Structures are given as C-alpha cells and as structure tokens.
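Chemist: got a predicted structure plus its sequence, pasted below:
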Amino acid sequence: MSTLLSSIVDGLASKHIAIGIAASLGYFVIHRIWIWPYLLSPLRSVPGPPLGHPIWGQYRTIIRSESGIPHREWVKQYGPVVRVLGPVGIERLIFMKPEALHQILVKHWLQYPRPSFLRNILGVVAGYGLLTVTGDEHRHMRKAMNPAFSIPNLMAQTDMYYKSIDGLIEILKAGVHGAQVPEDGKVFHVYDWMSKVTLDIICETAFGYNADSLHDPCNELAEAYEQLVNLQTGPNLAKMTFLMSIPGAGRLFSSQWAYDHRHWFSKLPAFGSAYTVIEAMYRIRRVSSAMLREKMQDSAVLATDTEAKRDIMSLLVRARKADLDKDKAVYAMTDRAMMDQVLTFLGAGHETTATGLTWTLWLLANDQESQNKLREEVAPVFSDSQRPDYRSLKDLQWLDCVIMESLRVLPPVPLTIRTAAQTDYVDGVLVPKGTLLVIPIRVVNTWKVVWGEDAEQFNPKRWLNLPKNYHPVFSMLSFIAGPHACIGKTMAIMEMKAILAALIANFSFEPAYAGQTAKPAAAITMKPTDGMPLRVKPIRSPSTTGPS
Ligand code: HEM
C-alpha cells in the first residue's frame, strides 16, 4: 500500500516538475520575444522599423536583401540612431554619428567587442587569430603582426604580386585572342579570376608559397575557400549564425574529432553546413601546415640580413626566434598560433580584396569615361616598366580616386557587429548590456548628410574635392577604425592598385549584356551572386604587360 502511495506521489511530483519547467521555458520565450521588446526595454522609444515577425524580428528582411540596404533605408526614414529587432527579441542599434562611432570603435573599444557568434564564425572560416581575440591578447598579437604590414615591408612585397598578375593577364589575353571575333572580346566571370589572383598573391605574400590556382582548376585551397565563401551567403549565413551561436561550436568544428566524425553532421539537416565547414577548414589547415613545416626548415627564413625572405610567415618565424632568444620572452607564438594568424590573413585578405576588385571593374564597365581616364594614366607607367613599384603606383592620382570611390560605394565588408559588454550611454541613448550594435559601413559610406545628394553614385572625382562634412576617419568605414581596424588596409589598397592598373592597361571592360544589373549577396563579404560576367576586350595598342 505504502509503495503504491509513494509511486503516485513520485509520479505527481515529476509531473509537476515537468509542468514547472515547461511553464518557465514558455514564460522565458514570451518574455524574450514579446514582454521585453514591447513593454520593458529602455530602447522602446528609439525610432526604428516595426518590430516584425514574433520570432525573427526583422532578421529575414536583412538576410534576404542586398547587404546593408535595409539599414540604409531605415536610417533615411528614422534618422541617425535606429532600433531594429533581430531573432528571439535581441535588439540591435545602428549609430551613424562620428562621435558615437568613435566611442564604440575607438574610445571604449574594449567595452564593445565582436559578439561571440561572430568571433566563432570568423574563427572557423579564418582561424583563431586577430579577428577573434580582444583586450591584452589582441594587443600582443597585433604588436607581433604590425612589422609584416610596415611600409618598408609592403614596398619590398609589391614585386611579389607580379608573378600572379602576369599569369592573369596571360590567361585573359589567350581567352580574348581565342574568341571567334577577338575585337569583340570574350565574357569572363570576373569574380572567379579576381578570387584566384588574390589567393595566389596572398599565398605568396603570406607564406612565400606558389599556390598557382590561376593555372590549376582543381587547386585544393581555391576549392576549399570557394566552399566556405558560398556558405556565407543568404540562408546559409543564417544557418551558420545559428550554429555558431551554440557555445563551443567554433572550436568543436575546427577539431580533429569533428573531422573524424564529420559524416554524422551531414545526416542532420540543421548541421549540413557544419559538414562543409569542417571539410573545407580541414583541407585549408592541411595545406597551410605543410607550408608552415616547409618554412620552419627553410634556413633562408632565419637569416637576418636584407636578403631574408619577406613573406609574413618568415617574418613571424624570425620574430618568434628573437622572442625566444630573449631571457624573458613575454609573447612568443606557438606553431598553432602562427598558423592561425596566417589562416586569418588568407581568410581576411583574399575574398575581401577579390570582391573590391570585382566591384571596381563593374563600376568602371559602367563608366567608360572614368575607365578611359584611368587607362590614360596607367598606360605610360606600364610602358616604362612592366612591374611598376610601390611608389609609382601610389603616386597615380586617378587610380587612387577610382579605388577609394569603389570601396566607398560598394564596400567588400558592408557591415560588422559589436556587442555592448556593459550598460552605457551612446549618443544620449541608454544601451543595455547585451545589445548588438551594427557598424553600418555601407550606410556610413553613402550617407547623404556627409556625401551629398549623389552619395550613392560612383563618382571618383569627388576624392579631388572632398565635401565639407567629410570626417577623415568616420565618413568612410570600409576598413573600420580603432584598434580592430583592418591591419591589411595599405596592403589591400596597394594590391588592388597593382592588379587594376595592369588590367586597365591591357583590356577594356564592358557589361556582359544589355540591361545587366549588379547582384551583391547578403554575406560577410559582399560578393556578386552571379560571379560578375563582364566582356573583356583587347585595347587597340596593348601595353607590354604579360606575354602578348
Ligand atoms: C579590400 C580589402 C579589405 C577590406 C575591405 C577589409 C576590411 C576589413 C574590415 C571591415 C575589418 C574589421 C572587421 C570587424 O571588426 O568586424 C577588417 C579586419 C581585419 N582585416 Fe581586413 N580588409 C581587407 C583586406 C585585408 C587584407 C589584405 C588583410 C591581410 C593580409 C586583412 C586582414 C585583416 C585582419 C587581420 C583584421 C582583424 C584586425 C583586428 O581585429 O585587429 N584585411 N578588415
């Protein structure tokens, strides 16, 4: 009898516990998606679009639109501070004014780190290097990296670009000359070629390694990066963001265990993209560690004279040796840390530069006057030398205007995100801890308040006479600002200049077909969804770059 009674009591107790858990969970969800944003949040009075879908907020609009465009429309409609609701009631704020951006990115940058889901995505696709750390760890790493991006080192590196650039020119020339009517040129998917040439250049400058993806259609690195980049667009990005929000997911997907058990992930629909990430990253790490091993054994790397190798990895190997030789080595990188750094440079420096170049060619294809003017400027430089150096490229004024204008209107990274690590006031608004802050790169770059009525148009001339509201740091955020600003900015601009100048000296670019429009994806890097077909024609008196 007493056993029966106690099992009834036990049954009732577990039922009550289950009901209690379900009720708390239900309340938590209702609180998150409804009570907080509609009734309690101190951000309720901040202007912004309707809160949107009960679960997704405005997230589906953001993920389905061209990157940065919904944000631009909201700023036009609601002003320089906008509140937007994301999935499960998480609030995001957009700040536009220089003072607010200065506070978030520069003055109190430690208070506004990259959110953990973003660091996880970046860590998995680009290594656990500079992009994923903050605070003291970031300061040490950045100090160790800076010499590799110094002007003297960049000047010495410019020559390394030309092997790949010559290869690209040779391939395009062969394609154009092999066309049925060579004068009509040939349509190339320009993004694919820009991606290959920038991959080869970053492998050369980061590792001193000749990847030659330009000539090798099955190049392992190029294939793996293509898989990763495709994962960062549209609905895939949403899935990746969801996966990477799971604590520990980033490290798990980068582990040997995950690779050994990767087939498990392919069986679960929600984890399908994890399978691709694990596969692609494993391939990238395998090739990179082979390059690192080779580097460690290369005696030329350890030389200290001016003949020493100048690729980034060689500089890091030398810097580490110097640190280890000191009695009190404060920050000597491990093999794994060095590898992560170089993976970061491959990941952060390859698709971004390729995307920037692709948009520049698209914009020039639609502005023949600017293109011709650029050709007039670069052709004489290439007839003097087939490999113009850092200074000759830096001094070309119109080339500079074109690149800056392209990076302004179509920035390869259209936005990034920070999180408020503590409650604080920004631009007079009380920002609760945990709020996400959108750094609206594309919106800032095309803000009419600064750039005038034609802010969204491509007009390289504006760089010859900047508007009076222009702020040298916070009016153009393509490389953002502050301690987390892009370390590769000068290198990227120089590389873009060298590639673009050589292309324009040898070819003309036109839209592939009448009525062609640009199709930028919603992704971490704003690449074109169609590979950007453009008609490439030989110019009447081709310069001497590359074999003819
Ligand atoms: C046109 C080309 C490029 C663009 C538009 C670009 C843009 C950016 C942006 C917007 C960030 C900040 C991201 C954030 O804080 O969330 C960033 C960071 C970074 N970029 Fe670039 N980048 C370019 C090329 C490169 C190159 C060539 C390299 C290296 C070889 C590079 C390495 C990095 C690294 C390491 C960081 C992290 C810096 C830190 O947190 O200290 N980038 N880049």
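Modeler: In hand now; what should we look at?
Chemist: CA atoms for contacts and neighbours, from now on please.
Modeler: Will do.
Chemist: quick one, phi psi at the residue lying closest to L477 once chain neighbours are set aside?
Modeler: Excluding the flanking residues, the one nearest L477 by Cα to Cα, 6 or more residues apart in numbering is I441, at 5.2 Å. Phi and psi for I441, reported as degrees, to the nearest 10, are phi -50, psi -50.
Chemist: how about the contacts made by I441?
Modeler: Going by Cα atoms under 8 Å, 6 or more residues apart in numbering, I441 touches G68, P411, V413, P414, L415, T416, M476, L477, S478, I480.
Chemist: which of these count as buried?
Modeler: G68, P411, V413, P414, L415, M476, L477, S478, I480 (16 or more other Cα atoms under 10 Å).
Chemist: and the second one, what does it touch?
Modeler: Shown in contact with P411 (Cα under 8 Å, 6+ apart): G356, I441, R442, S478, M526.
Chemist: restrict the residues you listed to those near the ligand?
Modeler: Counting by Cα under 6 Å from any ligand atom, G356, S478 from the contacts of P411 sit close to the ligand.
Chemist: which two in the contacts of P411 are spaced the farthest apart?
Modeler: Greatest spatial distance in the contacts of P411: G356 and I441, 14.1 Å, computed using Cα to Cα.
Chemist: re the thing from before, which of the contacts of I441 fall within strands?
Modeler: With strands defined by DSSP state E, the entries of these inside them are T416.
Chemist: just the strands in the chain please.
Modeler: All strands of the chain, identified by DSSP E, fall at 81-85, 91-95, 186-189, 416-419, 424-426, 429-431, 436-439, 507-511, 533-538.
Chemist: number of nearby residues for D384?
Modeler: If you count neighbours by other Cα atoms under 10 Å, D384 ends up with 11.
Chemist: and this structure, which residues reach the ligand?
Modeler: Within the chain, the positions near the ligand by Cα under 6 Å from any ligand atom are 130-131, 344-345, 348-349, 352-353, 356, 412-413, 416, 478-480, 484-489, 491-492.
Chemist: just the buried ones from those residues?
Modeler: Neighbour-count burial within the residues of the chain next to the ligand applies to 130-131, 344-345, 348-349, 352-353, 356, 412-413, 478-480, 484, 486-489, 491-492; the criterion is 16+ other Cα under 10 Å.
Chemist: for P80, give me its contacts.
Modeler: Each residue near P80 by Cα under 8 Å, 6+ apart is listed here: I94, F95, M96, K97.
Chemist: okay, the residues you listed in CSV with pLDDT next?
Modeler: As requested, these are arranged in CSV below (pLDDT from 0 to 100):
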residue, pLDDT
I94, 98
F95, 98
M96, 98
K97, 97
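Chemist: check what pLDDT S548 gets.
Modeler: pLDDT for S548: 38.
Chemist: again but with T334, I slipped
Modeler: Reported pLDDT for T334: 75.
Chemist: check A329 too.
Modeler: For A329, the pLDDT comes out at 51.
Chemist: over to S543?
Modeler: We have a pLDDT of 47 for S543.
Chemist: in this structure L399 contacts K497, no?
Modeler: Yes: with contact defined as Cα atoms under 8 Å, L399 and K497 form a contacting pair (6.9 Å).
Chemist: by mean pLDDT, flag the weakest helix or strand of the protein.
Modeler: helix 299-302 (a mean of 59; mean pLDDT, DSSP states H and E).
Chemist: contacts only, for T416.
Modeler: Each residue near T416 by Cα under 8 Å, 6+ apart is listed here: V438, I439, P440, I441.
Chemist: in CSV, list those residues along with pLDDT.
Modeler: Below are the contacts of T416 laid out as CSV (pLDDT from 0 to 100):
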residue, pLDDT
V438, 96
I439, 97
P440, 96
I441, 97
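Chemist: could I get the buried ones among the contacts of I441 in JSON lines, plus columns for pLDDT?
Modeler: Converted to JSON lines, the buried ones among the contacts of I441 look like this (pLDDT from 0 to 100):
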{"residue": "G68", "pLDDT": "91"}
{"residue": "P411", "pLDDT": "96"}
{"residue": "V413", "pLDDT": "94"}
{"residue": "P414", "pLDDT": "94"}
{"residue": "L415", "pLDDT": "93"}
{"residue": "M476", "pLDDT": "97"}
{"residue": "L477", "pLDDT": "98"}
{"residue": "S478", "pLDDT": "98"}
{"residue": "I480", "pLDDT": "97"}
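Chemist: what about this protein, any weak spots by pLDDT?
Modeler: Scanning the chain for pLDDT under 70 picks out the ranges 1-12, 230-240, 242, 245, 269-272, 298-309, 323-333, 522-523, 540-548.
Chemist: end-to-end on stretch 379-395?
Modeler: 14 Å (Cα to Cα, to the nearest Å).
Chemist: name the residues of it that are buried.
Modeler: For stretch 379-395, a neighbour-count test (16+ other Cα under 10 Å) marks A379, V381, F382, R387, P388, D389, Y390, L393 as buried.
Chemist: please look at Y275 and S266 and confirm they touch.
Modeler: Yes: using Cα under 8 Å, Y275 is in contact with S266, at 5.5 Å.
Chemist: for the chain, what's the longest helix?
Modeler: helix 335-365 (DSSP state H).
Chemist: got the contact list for the residue in the stretch 1-150 of the chain positioned nearest to the ligand?
Modeler: Here the stretch 1-150 of the chain gets closest to the ligand at one residue, L131, 4.4 Å apart by Cα to the nearest ligand atom. For L131, the contacting residues are R119, L122, G123, T344, by Cα under 8 Å, 6+ apart.
Chemist: what's the neighbour count on the second one?
Modeler: Spelled out, it's L122. By the measure other Cα under 10 Å, the count of residues near L122 is 22.
Chemist: quick check: it touching V133?
Modeler: No: L122 lies out of contact with V133 (Cα under 8 Å); the separation is 10.6 Å.
Chemist: now do the contacts for C401.
Modeler: P460, K461, R462, W463, L464.
Chemist: now the buried members of those.
Modeler: Among the contacts of C401, those classed as buried by 16+ other Cα under 10 Å are P460.
Chemist: give me phi/psi at A518?
Modeler: Per-residue torsions, A518: phi -80, psi 150 (degrees, to the nearest 10).
Chemist: quick check: closest non-adjacent residue to it.
Modeler: Sequence neighbours aside, P528 is the residue nearest to A518 in space, at 7.1 Å (criterion: Cα to Cα, 6+ apart).
Chemist: quick revisit: mind checking which of the contacts of L131 land in helices?
Modeler: Short answer: these in helices (DSSP H) are R119, L122, G123, T344.
Chemist: give me the distance between the second one and G52.
Modeler: So the one you mean is L122. The gap separating L122 from G52 is 28 Å, by Cα to Cα.
Chemist: for P533, same thing?
Modeler: From P533 across to G52, the span is 36 Å (Cα to Cα).
Chemist: of those two, which one has the most company?
Modeler: Neighbours were counted for P533 and for G52 using other Cα under 10 Å; P533 has more, 22 against 16.
Chemist: ok so, going back, and of the contacts of P80, the nearest to Y282?
Modeler: Nearest to Y282 among the contacts of P80, counting by Cα to Cα, is I94 at 36.3 Å.
Chemist: so what sits opposite that closest one in the bridge?
Modeler: V82, V438 (DSSP bridges).
Chemist: quick one: contacts for it?
Modeler: Contacts of I94 (Cα under 8 Å, 6+ apart): P80, V81, V82, R83, V84, L437, V438, I439, P440.
Chemist: can you redo those residues as CSV with distance to G26?
Modeler: As requested, the contacts of I94 are exported to CSV (distance: Cα to Cα, whole Å):
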residue, distance to G26
P80, 36
V81, 32
V82, 29
R83, 26
V84, 24
L437, 28
V438, 29
I439, 33
P440, 34
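Chemist: now the buried members of these.
Modeler: P80, V81, V82, R83, V84, L437, V438, I439, P440.
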